[in-house]
Each structure stands twice: as structure tokens, then as C-alpha cells.
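**Student:** Below are the sequence and a predicted model for it; my questions follow.
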Amino acid sequence: MAEGVRRALEFRDPRQGRELSALLGKLCADIGRAPISVMHVCGSHEQAIARFGLRASFPRALDVIMGPGCPVCVTDMPEVDEAVALARMGVKVVTYGDMLRVPGTSRSLADARAEGARVDVVYSIAQAAQMARRSDEEIVFFASGFETTAVATAAVLLSDPPANFSVLSAHKYIPPVMEIVAEMPHTRVEGFLAAGHAAAITGWGVFERFVQRHRLPVVVAGFEPLDILAGLARLLELIRDRRAVVVNAFPRCVTREGNRKAQEALWRVFRLIGGRWRGIAHVPNGNLRLRDEWARFDARRRFKIDPRALCSDAPPGLAAQCICGDIMAGIAKPSDCRLFGRQCVPDQPVGACMVSSEGGCRIWMEYGGRPELELEARR
Amino acid sequence: MCLGVPGKVIEIDGMVATVDFFGVRRPVMLDIVDEPVGPGDYVLNHVGYAIRKIPADEVQATLALYDELLRGAEREDLMAAEVQAEIAAGEKKDG
């Protein structure tokens, strides 16, 4: 067998998987209390955990909580309202597909489009800039996503975009929200599993200050089942040994420094400001906004956006019962929500967590709800 | 969104690489990748931008997950859907 294939299979080896699961069990026994709660902050981690049925192999004492790792889900309603208001002003709004159905106060961009507004979906912001190059009309890109995605926005602005192109930034920066979760009065989180590819940009060094300040360990992990199990094992070891350090369990993708060129582009274009994350809290330094040098490409400064009209006719409806915020803060599970799987389903989502492919509710819905239930019944 | 899909660089024209993703060729921007990239190299692609050059000795290991996601994946499979969306990059021809 070719070396590469053999190594690839290593990431799936069931024997190693069982050994790692047993190790998780032993580590939980060493720690000797329950629940031991750890949080991941990445929708792709939750997808992998659900897709490969990993929850069924976790020890009962181990509670792996999904944190605010879905950028679409944490986009605040007023941010969606700004995009909807722009579209209703007659400006062409272009965005990523996941954003289309995210509810604003009274409408999503999809609703606005159904009412005649011009809203387009692209895969890459580079396509939106290209659209603007080929036209005279104003084109606004409604930009969501964490730092990994914000880097693409920065790259477009740094490559001489046309004058009729601008950006409505809803980009968010992950490290500060980890501080918020760590400081929540009733938080049970004892350690974090950080996302591998996001850390490929920022480097694992970005978590060192957090670890020192909050005395909580952070392990950077990849997305293969064994990557996740190995990452959790490292995290439990650190919890057992009361060692608050950063461990890079994904060295094949992540370095301490990260991608410096991408970081440089990011910080040349963006600055950090505080802002609300939907359902979570006001997060100091949690939002990425365009620096003053880029004001001419900032849709907020270029247009007089007035979303107030959207608020007046807002029906509270089912959205008032949505507990997305508690789910993303790790206080509740999707199945704790009375709307989950009943009024709120992927075809008719009430909250953003059911809209995005990275939303916890959507993931639990698509992969069969609560995969650990069957195992619980057998115990 | 944290997943970056691996693809093989076929040719490079300025800042734009033509990249083969499991048989589908798409343009990928090279603005933010931090190492020199040439034909034959593998890169991780995120929203149309190469975010990392994959070290040669890691290529097969990295391809494996995506290979499985594409093989026999059902439509409801979210990870597979994301990978397919990433591969479909540039579907609306952007030159």
C-alpha cells in the first residue's frame, strides 16, 4: 500500500479509534467527577462529531459542548436588517449562500428578494468584485464569516476593486468570544477545542494570552475523527493535570505563527470593534470592521442605511421562543428547544442555527438529532 | 466554513491558479497563501482563495477525508454538501 494511503487510513483506523475512546474513558475516571465540559468553537467540528457518530463513543462523564462556532448563526439581526434595508433601497446585494435565509427582525434577504429586491448569491467574494467590474451599478457584498473568511474580503479590497463595489462587513473574530464564554458566571467549560483551519491562518499562538488569562487549556484539532478524539484526549490530560497551556494537535496544518501574509492582509483592512453576537452577548473586539482608510468601500459609510422601518412591523412570532443563543453559549442543547424538529426544521427554519450548514440545530437535525440517545438506552 | 478543500494546481496566471478538485477545474486566487505555489502543488481552498499550501508528505492524508465525503455522499450530508459547494467554486463563470 502506498505510504500516503496507509497514512490516510491511519486517521480512520477503528482500532485506534477504540483505543482513543478507551483513553478518554480512563482520563475521565482519573479526573473523577462529572460532567467534565469542554467546548469546541467550530461548526465543522460539530459536523464531524455528528457525521461520524463520535458522541456515541464519548464517555458519559464527558460533555462536548458546541460553542459559537457558526458565523452565520452569530450574525446579529440588525446586521441582517442593514443588508435587507440596502436591498430594499434598490442596491444590489451579493452574499454567501448561507446568509440568504437568515432571519432579520422582520425579513431575510430571501424574503426581500421575493418582494423584488435584487439579491444574488456567490461562492466567493472575488466573483462579486468581478460582477462590479462588469457593471456600472452599485454592488454591495454582505460579508459574513470568521477570520478565515475575512481574509478573502481583505484580499479583494487590497487588489484594487472597482469604485462601484463596497462591503457590508458582518465578519466576526473568534478569540474574544472565547473570553466571553470563559467569563460567563455559570459556565462549566473547562477547556476549548479550537478549529484547525482557522488556526492555520491565525496560528496557535493567538490562544496563548487567553490561556494565561483564564487558566483554561486550549487544544487545536483537525477534522478527521481521530484528530478530534486525539484532540479531546489531549484536552482531558491537560484538565486532569491542571495545566493551562495551548497544545497543537493538528501540526500537519497549523504552526505557532500561522499564515503571516494572510494576517497582514486581514489587519491592513480590518480593525476590531465591540458588537453583539446574536443570542450570545456584546463581545468586546468581536467584530471586524473596515478601517478608515477603506471608508470609500465601506457600505455603512457610503449609503445612508436606515433599517428602522424594518423594526416597526416585526411580528414576534415563533422567533421569540428560539433558544439559539443559549445553544451557542453552551447552556442548552438543540433538543432542549421546544421548536426543534417541530416548528423549526431545515425547510422552515425559525432560528439561524437551523439555517446554516454549520448551525448546531441543523447538524443535529440532518444527522438524526441526538446520536447518543441510542447508546444511552443500551447502557 | 473552516473546511478548506484540497486541490491540485494545474497552471498559474498571475494571482489566479487553475486548480483541479477531484476532476473539476476552478479558478483559485493566490493572494493570501504564504508560500510559493507552482503547478503540481496541492493547496487548501476556502471561498475561492488558497489559504495554505499542503506539504507534499501530507497530501494523501489530507485528500482522504474529502475523497470519502465525495464518494457516495447523500444530499443531506452537510459536510459533503460543503465540500461540493467549495468544489463548485466559480460556477458562475467569473473569468
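**Tutor:** Structure's in. What do you need?
**Student:** what ranges do the strands span in the stretch 151-300 of chain A?
**Tutor:** Secondary structure of the stretch 151-300 of chain A (DSSP state E, counting those that start in this stretch): strands located at A:165-169, A:189-195, A:218-221, A:246-248, A:270-277, A:281-290.
**Student:** mind checking which of those is nearest chain B?
**Tutor:** Distances from chain B to each of the strands of the stretch 151-300 of chain A were compared using CB to the nearest CB; the minimum, 4.6 Å, belongs to strand A:189-195. To be clear about C-beta, it is placed using only N, CA and C from the backbone, and glycine gets the same treatment.
**Student:** Tell me the helices and strands packed up against the closest one.
**Tutor:** Using 3 or more CB pairs under 8 Å, 6 or more residues apart in numbering or on different chains; DSSP states H and E as the contact definition, the elements that strand A:189-195 packs against are strand A:36-40, helix A:43-51, helix A:174-183, strand A:218-221, helix A:225-240.
**Student:** Now do that strand: distance to the chain's middle.
**Tutor:** For strand A:189-195, the distance between its averaged C-alpha position and the chain's averaged C-alpha position is 14 Å (CA atoms, centre = their mean, to the nearest Å).
**Student:** Tell me the gap between stretch A:356-364 and the middle of its chain.
**Tutor:** For stretch A:356-364, the distance from its own C-alpha centre to the chain's C-alpha centre is 10 Å (CA atoms, centre = their mean).
**Student:** ugh, wrong one, stretch A:159-174
**Tutor:** Counting by CA atoms, centre = their mean, stretch A:159-174 is centred 19 Å from the centre of its parent chain.
**Student:** which stretch in the helices and strands packed on strand A:189-195 is the model least sure about?
**Tutor:** Lowest mean pLDDT within these: helix A:43-51, at a mean of 86.
**Student:** Pairing partners for the helix or strand just after that helix, with directions?
**Tutor:** Along the chain past helix A:43-51, the next helix or strand (assigned with DSSP states H and E) turns out to be strand A:62-66. Strand A:62-66 sits in its sheet next to strand A:36-40 (parallel), going by DSSP bridges.
**Student:** got a list of contacts for the partner strand?
**Tutor:** A:28, A:46, A:49, A:61-67, A:69, A:181, A:188-195, A:221, A:232, A:235-236, A:239, A:330 (CB atoms under 8 Å, 6 or more residues apart in numbering or on different chains).
**Student:** Can you say which of the residues you listed are buried?
**Tutor:** A:28, A:46, A:49, A:61-67, A:69, A:181, A:189-195, A:221, A:232, A:235-236, A:239, A:330 (16 or more other CB atoms under 10 Å in any protein chain shown).
**Student:** Across the sheet, point out what pairs with the nearest residue to residue A:330 once chain neighbours are set aside.
**Tutor:** Nearest residue to residue A:330 in three dimensions, chain neighbours excluded: residue A:65, at 3.9 Å (CB to CB, 6 or more residues apart in numbering or on different chains). According to DSSP bridges, the partner residues bridging residue A:65 are residue A:39.
**Student:** end to end, how far does stretch A:132-146 reach?
**Tutor:** Distance between the two ends of stretch A:132-146: 24 Å, counting by CA to CA, to the nearest Å.
**Student:** Ignore what I typed, I meant stretch A:285-305.
**Tutor:** 23 Å.
**Student:** Check whether that stretch comes near chain B.
**Tutor:** No. With CB under 8 Å from any CB of the partner chain as the threshold, stretch A:285-305 lies outside contact range of chain B, at a closest distance of 14.5 Å.
**Student:** Show me how far that stretch is from its chain's centre.
**Tutor:** 22 Å.
**Student:** what mean pLDDT does it have?
**Tutor:** Mean pLDDT, stretch A:285-305: 97.
**Student:** Quick check: bridge partners of the residue nearest to residue A:287 when sequence neighbours are not counted?
**Tutor:** The shortest distance from residue A:287 to any non-neighbouring residue, by CB to CB, 6+ apart, is to residue A:275 (3.7 Å). Note on residue A:275: beta-bridge partners by DSSP bridges are residue A:283.
**Student:** do the same with residue A:290
**Tutor:** Taking DSSP bridges, one finds residue A:270 as the beta-bridge partners of residue A:290.
**Student:** OK, contacts around it?
**Tutor:** Residues A:157, A:167, A:169, A:269, A:270, A:271, A:297, A:298 are the ones in contact with residue A:290 under the rule CB under 8 Å, 6+ apart.
**Student:** Between the two ends of stretch A:55-67, how far is it?
**Tutor:** Using CA to CA, the gap from the first to the last residue of stretch A:55-67 comes to 16 Å.
**Student:** and residue A:342, how many residues sit next to it?
**Tutor:** A count of nearby residues for residue A:342, using other CB atoms under 10 Å in any protein chain shown, gives 10.
**Student:** err, residue A:264, not the other one
**Tutor:** What residue A:264 shows, counting by other CB under 10 Å, is a neighbour count of 15.
**Student:** gap between it and residue B:32?
**Tutor:** Distance from residue A:264 to residue B:32, counting by CB to CB, to the nearest Å: 9 Å.
**Student:** about what we covered before: most tightly surrounded among the strands of the stretch 151-300 of chain A?
**Tutor:** Burial among the strands of the stretch 151-300 of chain A, expressed as mean neighbours by mean count of other CB atoms under 10 Å in any protein chain shown, is greatest for strand A:218-221, which shows a mean of 28.
**Student:** Sheet partners, orientation included, of it?
**Tutor:** As assigned by DSSP bridges, strand A:218-221 forms pairs with strand A:189-195 (parallel), strand A:246-248 (parallel).
**Student:** In a markdown table, list those along with mean pLDDT.
**Tutor:** Formatted as a markdown table, the strands paired with strand A:218-221 follow (pLDDT from 0 to 100):
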| stretch | mean pLDDT |
| --- | --- |
| strand A:189-195 | 94 |
| strand A:246-248 | 95 |
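**Student:** Quick check: which of the ones you listed is nearest to residue A:54?
**Tutor:** Distances from residue A:54 to each of the strands paired with strand A:218-221 were compared using CB to CB; the minimum, 11.8 Å, belongs to strand A:189-195.
**Student:** now the angle between helix A:225-240 and that closest one, please.
**Tutor:** For strand A:189-195 against helix A:225-240, the angle between stretch directions is 150 degrees (axes from the mean of the first three to the mean of the last three CA atoms, to 10 degrees).
**Student:** Now do strand A:189-195: everything it contacts.
**Tutor:** Residues outside strand A:189-195 that contact it (CB under 8 Å, 6+ apart) are A:36-42, A:44-45, A:64-65, A:67, A:69, A:174, A:178, A:181-182, A:204, A:207, A:216-221, A:228, A:231-232, A:235, A:238-239, A:330, B:2.
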